[in-house]
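Peer 1: mind folding the following:
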Amino acid sequence: MSDVQLDAAAFHRRAKRLTNSVKKADVDSILILQGRSDENHPYTKTIATQMWLLGYEFPNTLILVTSDKIYVVASQKKAKILEALKSTPGGVPIEIFVHGKDAAKNQEIFNQTISVMKSSGAKLGVIAKDSPSGKTVDEWNTAFMPSKAEFSETDVSSTIAGLLSVKEDSEMKYQRTAAKMCSSVMHSYFIDEMAGIFDEEKSITNEKMAERIANVLANDKLSKKLFPNVSALDMAEWSTGPIVQSGGQYDLSPTANCSASQLHAGTVVCTLSMRYFMYNASISRTFMIDPTPEQEKNYSFLLGLQKQALSWLKSGATMGAVYSKILSHVQEHRPDLQENLTKDCGFVTGIELSDGYNTISPGCTTALEPNMVIVLRIGLENLVNPKGTDTQSKTYAYQLIDTVVVREGSDAEPITTGEKEPNDVSFFFNDEEAAAPAPKREAKRENNREANGGAAKPTTRKSAILPSKFRSEEKEEESNTRKRREHQKELLNRLLGRRRFAGEAGDDGEETRVFKKFESYKRETALPREARSCKILVDERAESIVLPIYGMAVPFHISTLKNIVKTEEGDYVYLRINLASPGQGVGKKDNLPQDDAGSTFVRSLTFRSTDAVRMNDIHNSITGLKRDQVKRETEKAQLADIVQQDKLIQAVGQRPVRLPDVFMRPVADGKRFPAALEIHNNGLRYVSAGRSGGSTIDILFNNIRHLFFQPCDNELLVLIHVHLKNPIMLGKKKTQDIQFYREASDASFDETGNRRRRIRYGDEDEIEAEQEERRRRRQLNKEFKEFASKIADASNHEVEVDTPFREVSFNGVPARANVLLQPTVDCLVHLSDTPFFIITVVDVELVHLERVQFGLKNFDMVFVFKDFKRSPVHVNTIPMKQLDNVKEWLDSVNLAYTEGPVNLNWAPIMKTINTDPVGFFEDGGWAFLAHDSDAEDDESEEEESEFTVSEDEFEESESESSDAESGFGTESDSSEGDDMDDSDESGEDWDDLEAKAKAYDDKRSHGGDGGDRAPAKRARKR
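Peer 2: Next up is the predicted model:
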């Protein structure tokens, strides 16, 4: 314990509360005695008090608390640590006695302690339920036994429990972290594991499932993924083992054990309790597999009861009164469940997982106070399911546990989070149940997407003609389309109902231009001597032009020059110098700001001379000076968003992980050379070779926004692509995308040049070459994928690896060429060729599909960003046959999209939005784009679907049509022929038509030109 450092401020702050509680407990002193550590009882009230007061457990230590002072009897090492507490000014006085191995000296020390107790008073407060043991405890009992009769002992456990129940801000931080860790394990690990087991019909016991959950903390890689923001994972541990219960055997107590029976696909109750820096939190969820309507009803009532209980947990209310309200609510709304309600509905938590004195149960008079942390436990046990298909499904139980914080004047705040709505915890694996019209949660949960509404109610089709060969295909397609439209309608309503710009003033979306003042010379004497000759002078050092005006040398800074024009007329050469001034240009760049509206500006000056050589030199000098100035300003503007990266911390004491022989794009210096990419403590390093000795490129993890790995399947390259948050300088250019790649084909190896190929060339060699290429591609994919995973591990999963999904890709033209665009989890990318194309989904506000109309082969897609000052990005010429795939992808990533028949001019649209964003949303926002979207089409389809044919009408129409057909068939051939002959509008038969068409084609092929043959061919196809 030599490295233990106590928080003196926290000790004295809490010690003051402890000394004040002596009189409140109606005692004269409180004795806190801790013996040796006991693994079977790791968290007793005594240990909890020590950890709350000191931050650590101090075995074999006695603490005596009086109303004005604290006395501690401890070993020499512990006494040395405690000495630091004495130097705090204004703190609670503390006196330390040192005991050792000498029993006689220890007896004297204990006698001194007893004397202090006698001087304080005869009322002694103790923690009655704790039974410490050990050598120190035995020596104390021996010393205290003769005087024990002089004291009256009182149990002060409830008083201490009250002190521990109200949390300080530092304690609340640990409780919140523990709650987040519980929630993360529950909703990011357990649910997926359980759904996978049931979906794949695997067998596992409840105990084994609990062991899997418990091993999460032992798995460093998984822990970093689940808890990326937890800095001290070594301080996290399970308060109790994870509890998984199913199959009719349920025990809803906090200390229940898992059964050895199989995990049953019925009702599963999972309870998790974790401790972080000594502070506990708990969460419990119930999951229903193929529930009956009665089970769903009971769960919905339980969920509503928990929400009501949160509103009753307010400061000032007693815990017993809260339980009474819960019980009354059950008696009023569901009296049949009164006997199934648990006997208590929660308890105070903190250093102790369960405080046995402060519980939400009948008769508890403890009043709730702000910053109390409570485990709210609402459960229904011993429920009967009469529709159970097996004995394990006959009995079930429900439990919802959340860790909540009591607030002043408001409802309790849950600090455990996660899904618990009926649709979120219901899983359906039975095909018949899955086809029911009610909306349910799918067994395989989609990434970050919730179920939206229910499937449309099936309608009876009253036509014998089907648009699909199979009715099941048609119903599935209609259902998916309807779900997508409903989801899009919800997303658009969410966009239209949002007020992101309330209270903000708009602008025109253009950069605010500032009037700049340029100073060529600070004083007149700084002018060059050559200026006295009243000639045009170009001063490159001062970046100025000195012009003679009325016999005076007047300097003009090169930044004020707009352009210079040289013309020759006869013997004279004219130089027209045009200067930049406000109000003269019609373009955005020419519209300069002005400092004083009343100022007079010189717009142009014209000089002439017969010295053509000198005038040509002046023109070239001024042009060169202006070109250099523009170049400097351009480079300065380009570097405006460059952020200085932190310094790379190299791996010391071990060789860094390397990916050898990779090329980089863009090339830093001249010709490309292969080099190694290295992983260091806080970033990547690539040392590129070059003609000038090469350069070192450092990429820090905190500047990486996206990390992509693209395999070489159906590609020429295998690559790792880094998309940065802020651009960096690569040579003399800035870049925001850096790619490291290796070619999949080995061009340096000539497969036809060896002796074997010269002797024998056939199918066997080709097969062998193909197999070798596939093997090489697999090896490259494995090498690059493992290296990308190591990058994610080295960054503590601040950077996650993303892989493009080629199976949902589509073609488009984002720049100059038609390329393959591939979605990833977070982006839409094209990485195979330059220029790279990366769109981050979370940055997109809306996607508009242009040129979506019948008869066109392609359509365009426009990405409008949440930052309206950012220009929309266009992807053109997407094949119309991929429209549904694009819509499905946009809907799957929760991007609202609209569509229209024409291309829009987005520059004035965005300028209008930036000018008055509040007014834009008040006038309907994006509603003007949603006119032809799926959300609008859904309404029209619903209107059309209102027409239905009754069975009687349908049968009557069929009978009429059949009668008509039979009547036509009974007509005699002669009458039929007479009718046709008598008709003036009768048509020719097919043979005559074919003969005429053939004759017409022959005539056109011999005498007509080629341009007229196409209509004839089209007519013949009709």
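Peer 1: all contacts plus neighbour counts: C-alpha atoms, from now on.
Peer 2: Noted.
Peer 1: and the residue nearest to Asp290 when sequence neighbours are not counted, what's its pLDDT?
Peer 2: Distances taken as C-alpha to C-alpha, 6 or more residues apart in numbering place Phe428 nearest to Asp290, at 4.9 Å, with adjacent residues excluded. Looking at Phe428, its pLDDT reads 76.
Peer 1: same deal with Ala935?
Peer 2: With respect to pLDDT, Ala935 scores 49.
Peer 1: repeat that for the one 10 residues further on.
Peer 2: Reading off the per-residue confidence, Ser945 sits at a pLDDT of 40.
Peer 1: ok, back up a step: neighbours around the residue nearest to Asp290, how many?
Peer 2: As a burial measure, Phe428 scores 20 neighbours (other C-alpha atoms under 10 Å).
Peer 1: again, but for Thr205
Peer 2: Thr205, neighbours per other C-alpha under 10 Å, totals 18.
Peer 1: please tell me how far it sits from Ala218.
Peer 2: 21 Å (C-alpha to C-alpha, to the nearest Å).
Peer 1: over to Asn480?
Peer 2: 42 Å.
Peer 1: with Ile909 instead?
Peer 2: Relative to Ala218, and taking C-alpha to C-alpha, Ile909 is found at 55 Å.
Peer 1: same question for Asp411.
Peer 2: 37 Å.
Peer 1: more neighbours, the two?
Peer 2: Asp411 (19 against 12).
Peer 1: next, that one: secondary structure please.
Peer 2: Classification of Asp411 using DSSP: H, G, I helix; E, B strand; the rest coil returns strand.
Peer 1: find the nearest non-adjacent residue to it, please.
Peer 2: Leaving out its chain neighbours, the residue that sits closest to Asp411 by C-alpha to C-alpha, 6+ apart is Ser311, at 4.6 Å.
Peer 1: one more: Thr735?
Peer 2: Pro727 (5.2 Å).
Peer 1: quick one: contacts of stretch 318-336?
Peer 2: Contacts to stretch 318-336, defined as C-alpha atoms under 8 Å, 6 or more residues apart in numbering, come from residues 305, 309, 312-313, 337-338, 344-345, 358-368.
Peer 1: in that stretch, what counts as buried?
Peer 2: Thr318, Met319, Gly320, Ala321, Val322, Tyr323, Ser324, Ile326, Leu327, His329, Val330 (16 or more other C-alpha atoms under 10 Å).
Peer 1: about what we covered before: tell me which helix or strand the residue nearest to Asp411 sits in.
Peer 2: Per DSSP states H and E, Ser311 falls inside helix 293-312.
Peer 1: what are the C-alpha coordinates of stretch 397-411, in CSV please?
Peer 2: The C-alpha coordinates for stretch 397-411 follow below in CSV (Å, rounded to 0.1, in the frame of the first residue of the first chain):
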residue,chain,number,x,y,z
ALA,A,397,-41.8,-14.0,-15.4
TYR,A,398,-41.1,-10.4,-16.5
GLN,A,399,-38.6,-8.0,-15.0
LEU,A,400,-37.4,-4.5,-15.8
ILE,A,401,-34.5,-3.0,-13.9
ASP,A,402,-33.0,0.4,-14.5
THR,A,403,-30.6,2.4,-12.4
VAL,A,404,-32.1,5.9,-11.8
VAL,A,405,-31.1,9.1,-10.1
VAL,A,406,-33.5,11.1,-7.9
ARG,A,407,-33.9,14.7,-8.9
GLU,A,408,-35.1,17.8,-7.2
GLY,A,409,-38.7,18.6,-8.3
SER,A,410,-38.7,16.3,-11.3
ASP,A,411,-39.1,12.7,-12.3
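Peer 1: buried set for it?
Peer 2: Neighbour-count burial for stretch 397-411 [16+ other C-alpha under 10 Å]: Ala397, Tyr398, Gln399, Leu400, Ile401, Asp402, Thr403, Val404, Val405, Val406, Arg407, Asp411.
Peer 1: which of those residues sits closest to Gly418?
Peer 2: Asp402 (9.7 Å; C-alpha to C-alpha).
Peer 1: look up phi and psi at the nearest residue to that closest one once chain neighbours are set aside.
Peer 2: Leaving aside its chain neighbours, Asp402 sits nearest to Ile283 (5.0 Å; criterion: C-alpha to C-alpha, 6+ apart). Main-chain torsions, Ile283, degrees, to the nearest 10: phi -150, psi 150.
Peer 1: okay, and the beta partners of Ile283?
Peer 2: Leu272 (DSSP bridges).
Peer 1: that one: neighbour count?
Peer 2: Close neighbours of Ile283, defined as other C-alpha under 10 Å, add up to 27.
Peer 1: start the count at 10 instead of 1 going forward.
Peer 2: Renumbered: residue one is now 10, and that last one reads Ile292.
Peer 1: quick one, what contacts it?
Peer 2: By C-alpha under 8 Å, 6+ apart, the contact set of Ile292 is Ala188, Cys191, Ser192, Thr280, Leu281, Ser282, Leu409, Ile410, Asp411, Thr412, Thr425.
Peer 1: buried ones in stretch 152-160, by neighbour count?
Peer 2: Those would be Ala152, Phe153, for stretch 152-160 by 16+ other C-alpha under 10 Å.
Peer 1: same question, stretch 305-325
Peer 2: 305, 307-308, 310-312, 314-315, 318-319, 321-324.
Peer 1: ok, these vs Ile39, which is closest?
Peer 2: Ser324 (28.4 Å).
Peer 1: let's see the distance spanning stretch 804-814 from one end to the other.
Peer 2: So stretch 804-814: terminal residues 24 Å apart, C-alpha to C-alpha.
Peer 1: so which residues of the stretch 410-559 of the chain form helices?
Peer 2: Applying DSSP state H, counting those that start in this stretch to the stretch 410-559 of the chain gives helices spanning 431-434, 440-443, 480-505.
Peer 1: rank those by pLDDT, which is bottom?
Peer 2: helix 440-443 (a mean of 40).
Peer 1: tell me, how many residues neighbour the residue nearest to Trp935 when sequence neighbours are not counted?
Peer 2: Sequence neighbours aside, Leu505 is the residue nearest to Trp935 in space, at 6.5 Å (criterion: C-alpha to C-alpha, 6+ apart). By the criterion of other C-alpha under 10 Å, Leu505 has 16 neighbours.
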